[in-house]
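here is my input, please return the structure:
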Amino acid sequence: MVVPVIEECSPDGADFAAVLRLQRSAKQTVGFLSDSAIRDRAEKGTLLVANIDGLVIGYLLYDLPRNEIRIVQLVVASTARRSGTAKALVDALAIRHPARIGIVLECRRDFDAAAVWPKLGFTPLNEREGRGRERKPLTKWRRDFGHPNLFSMSAADDERPVAALDANIVIDLSDGLSAPSRHLKEDWVGAACRLAVTDEVYVEIERRNVREDRVRHKRCAQGFEQLTPPPETWQTIESALTARLGERAKAHPGDIRHVAKAAAAGARWFVTRDDSFRRGCSGAVEKATGVFVVAPAQFALEVDRFARDDQYRPADLAGSEIEVRPLNPDELDDVCRSFVNQPAGERLRDLRGSLNALVADTQHVRSCLFALRGQPLALSVLRATDLGHEVAVCRVQRGRTETTLARHMLGWLRASLPATGTVTLVDSFSGAAVMKASRSEGFLETSRGLTAVVVRGIGSMADLQASLKPSVADGRLPAAIAGRVREADPTPGTAFELEAAFHPYRVIGNGLPTFLVPIRAAWAAELIDPSLSRAQLFPRSTALALQREHVYYRSPRASGGLRAPGRILWYVSGTGVGGRAVRAVSHLEEVVTGDARRLYRRFAHLGVYNEAQVVESADHGDAMALRFSRTTPLPRPVGLDDYRRLMTEYRPGAGLTLAGPHSVPEHVFDQIVRMGG
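Next up, the predicted model:
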């Protein structure tokens with residue numbers, strides 16, 4: 001049997017044309033995906049092809065949401081079935097992203113491919129009804145990479161965002177009149193979001209003259225999730241939206257009511273073919289409710305982007321000069337109106353009463369408002385209790401940067417604790433963005449709520465367990481979590497996960513690799529230590545200026561064996577301010593080498609680099625991207641002389657060059673962290 005060659009597909013040329021031909025031949029089973037969406041994956045390096053003797057016999061198209069891999073399409077030419085091509089593609093995918101937690105996909109149960117996935121190492125997880133015309137059931141499959149999974153996280157049963165459909169879209173889907181609307185029936189759309197309707201759809205359908213049409217359209221509407229927000233909630237939103245729109249509201253009373261109901265039910269999008277309403281009112285609707293009013297074609301593009309993005313986009317905040325300050329009592333009313341969670345049933349007067357009582361307790365409460373040019377973006381209220389700290393209020397404004405803001409705020413809350421302790425999220429109206437972000441910021445499910453356990457220092461797993469005992473003894477931390485630490489295997493993956501869960505604690509003795517990476521002061525100021533520059537993302541708070549995740553680009557030459565998961569010690573080079581010293585520690589999440597322009601497009605949402613700067617770092621067109629997270633500056637930077645002394649003690653007589661990355665022994669890392677602490 002001839003083994004196919006697996007490689008990335010360029011966004012142009014003969015291989016890409018072959019992919020498009022294969023996609024069209026298999027469209028009945030893999031569904032519709034535009035040429036531009038396929039090309040976009042190729043540009044980002046997430047399109048693999050299998051070829052034999054230069055002939056493309058299959059392809060695999062995938063996305064990288066959050067910390068997993070999602071197969072979007074896998075197609076093998078009919079002439080190459082049972083040749084091992086599918087296995088070669090999936091195995092190559094796993095090799096390319098070993099730090100991810102696994103691969104997921106959805107497939108109809110009645111397709112022949114459903115019998116193939118178990119042979120490729122996939123396990124069926126659950127089943128849902130498909131969105132296709134026949135509503136055939138879909139099975140979700142998963143191939144786990146076997147990384148340790150110590151902690152269960154609290155999450156909603158279904159985290160997919162909601163899209164509320166206008167009546168004209170439901171009618172299109174019922175009658176098949178509009179091509180853009182028909183694409184909403186594709187299964188990949190249902191995998192990425194929940195399509196839903198409010199009762200306003202039935203009100204509009206009832207106005208149609210032909211009885212057969214009304215019956216058919218209502219039957220179609222009944223096939224979607226039904227949104228039924230409380231009247232007092234959507235009516236409040238409707239009144240506020242009508243006031244904001246002014247004269248424009250008179251032309252669209254039904255649409256305003258419909259959007260208000262969608263917003264009250266927590267929808268992210270309102271999909272409509274009413275161009276007049278969308279063009280005239282979408283901006284005001286987004287500002288007032290956080291709901292995006294989109295046409296079907298635009299919605300398909302947004303869902304596609306949402307499905308493959310991590311949704312953490314610090315680049316969207318770069319240079320925004322967000323102000324971080326305590327909440328002023330005289331702005332309480334405006335802040336409450338900005339953050340009241342009406343879709344979840346919260347009342348404005350209840351939030352105002354809670355905030356009034358909290359702010360008045362100046363001995364135990366600390367508030368923090370994030371604002372841009374006076375407009376509130378995020379709010380947290382931290383309260384000290386006998387069992388640690390509680391986040392009594394934790395809110396972000398809905399919008400495209402809500403997950404980014406939530407991660408910054410939760411990370412800041414952890415970093416702001418004065419010493420080892422716990423911080424528990426007790427705000428029942430915090431919203432989906434905050435709950436989702438908590439998983440990335442080490443919040444664990446406990447009986448009191450989502451709790452982050454902050455443990456400072458460095459030591460073995462046994463040392464960490466000993467540090468957790470006081471939190472278990474006084475009820476702040478369940479004994480089961482400490483037990484999982486005790487029972488976990490001492491592997492590098494376990495150390496990585498423990499450091500994420502109990503940040504900023506550093507686990508040694510498990511073999512987690514550490515690398516020293518030189519970085520120029522100018523980039524260090526942007527990426528790892530804002531104190532080196534006056535141009536900070538969050539001028540009032542160094543902790544917030546540190547993005548929760550970022551990418552550093554370098555030449556792939558002399559990489560020093562860089563691999564993930566691991567740690568980075570950042571050495572700021574040069575003789576200027578802050579130079580010639582180790583200044584920070586980060587988690588190394590992923591190392592990717594490839595075409596510089598493709599890497600830029602893939603990671604642009606994480607970076608401060610522009611495309612020209614990434615290309616400049618390349619060697620013969622290729623660059624190396626280091627995706628890193630949880631950066632912690634050393635309070636006392638370790639100078640070059642001390643670093644050389646420590647390394648020389650480890651390797652007497654060996655030369656030490658700092659021109660590129662190199663491996664650092666764990667006991668040297670231990671001493672650097674202790675010296676810098």
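
helix, strand or coil for residue 586?
The assignment at residue 586 comes out as strand when based on DSSP: H, G, I helix; E, B strand; the rest coil.

equivalent analysis for the one 3 residues further on, please.
Residue 589 falls in the strand class when you classify it by three-state DSSP.

could you find the closest non-adjacent residue to it?
What sits nearest to residue 589 in space, not counting adjacent residues and going by CB to CB, 6 or more residues apart in numbering, is residue 627, at 4.6 Å. C-beta coordinates here come from the backbone N, C-alpha and C atoms, glycine included.

contacting residues around the one you found?
Contacts for residue 627 (CB atoms under 8 Å, 6 or more residues apart in numbering) come out as 549, 550, 551, 564, 588, 589, 590, 591, 592, 603, 606.

got a list of what the third one touches?
Contacts for residue 551 were tallied using CB under 8 Å, 6+ apart; they are 603, 606, 607, 609, 625, 626, 627, 628.

where do the helices sit along the stretch 551-677 of the chain?
Along the stretch 551-677 of the chain, counting by DSSP state H, counting those that start in this stretch, helices occupy 596-603, 611-616, 640-650, 666-676.

is it possible to get TSV of those that adds mean neighbour count, distance to residue 292 and mean pLDDT?
Compiled in TSV, these are given as follows (neighbours: other CB atoms under 10 Å; distance: least, CB to CB, whole Å; pLDDT from 0 to 100):
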stretch	mean neighbour count	distance to residue 292	mean pLDDT
helix 596-603	22	23	87
helix 611-616	15	27	90
helix 640-650	15	50	88
helix 666-676	18	45	93
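
out of the ones you listed, nearest to residue 65?
With respect to residue 65, and counting by CB to CB, the nearest of the helices of the stretch 551-677 of the chain is helix 596-603 at 12.9 Å.

helices and strands around the closest one, which ones?
Judged by 3 or more CB pairs under 8 Å, 6 or more residues apart in numbering; DSSP states H and E, the packing partners of helix 596-603 are helix 35-43, strand 549-554, helix 611-616, strand 622-639.

okay if I get these as CSV plus distance to residue 116?
As requested, the helices and strands packed on helix 596-603 are exported to CSV (distance: least, CB to CB, whole Å):
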stretch, distance to residue 116
helix 35-43, 22
strand 549-554, 34
helix 611-616, 38
strand 622-639, 31
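
how about those, which one is nearest residue 466?
Closest of those to residue 466 is strand 622-639, at 21.7 Å (criterion: CB to CB).

quick one, that closest one and strand 549-554 angle?
Strand 622-639 runs at 110 degrees relative to strand 549-554, counting by axes from the mean of the first three to the mean of the last three CA atoms, to 10 degrees.

what are the buried residues along strand 622-639?
Of the residues in strand 622-639, 622-634, 637-638 count as buried by neighbour count, 16 or more other CB atoms under 10 Å.

for that strand, what is the average pLDDT?
Per-residue pLDDT values across strand 622-639 average out to 91.

got the angle for it vs helix 640-650?
Counting by the same axes, to 10 degrees, strand 622-639 points 100 degrees away from the direction of helix 640-650.

how far is strand 622-639 from where the chain is centred?
Between the centre of strand 622-639 and the centre of its host chain there is 20 Å, according to CA atoms, centre = their mean, to the nearest Å.

alpha carbons only: can I get it in PDB?
Coordinates of each C-alpha in strand 622-639 appear next as PDB, following Å, rounded to 0.1, in the frame of the first residue of the first chain:
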ATOM      1  CA  ASP A 622       9.100  30.700   7.300                       C
ATOM      2  CA  ALA A 623       8.600  32.000  10.900                       C
ATOM      3  CA  MET A 624       8.100  30.400  14.300                       C
ATOM      4  CA  ALA A 625       5.200  31.400  16.500                       C
ATOM      5  CA  LEU A 626       5.300  30.800  20.200                       C
ATOM      6  CA  ARG A 627       1.800  31.000  21.700                       C
ATOM      7  CA  PHE A 628       2.200  31.700  25.500                       C
ATOM      8  CA  SER A 629      -0.100  32.500  28.400                       C
ATOM      9  CA  ARG A 630      -0.200  33.400  32.100                       C
ATOM     10  CA  THR A 631       2.800  35.700  32.000                       C
ATOM     11  CA  THR A 632       4.100  36.700  35.500                       C
ATOM     12  CA  PRO A 633       6.800  39.400  35.800                       C
ATOM     13  CA  LEU A 634       9.500  38.600  38.400                       C
ATOM     14  CA  PRO A 635       9.300  41.300  41.200                       C
ATOM     15  CA  ARG A 636      13.100  41.300  41.200                       C
ATOM     16  CA  PRO A 637      14.500  40.700  37.700                       C
ATOM     17  CA  VAL A 638      17.500  38.300  37.700                       C
ATOM     18  CA  GLY A 639      20.500  39.900  36.000                       C
END
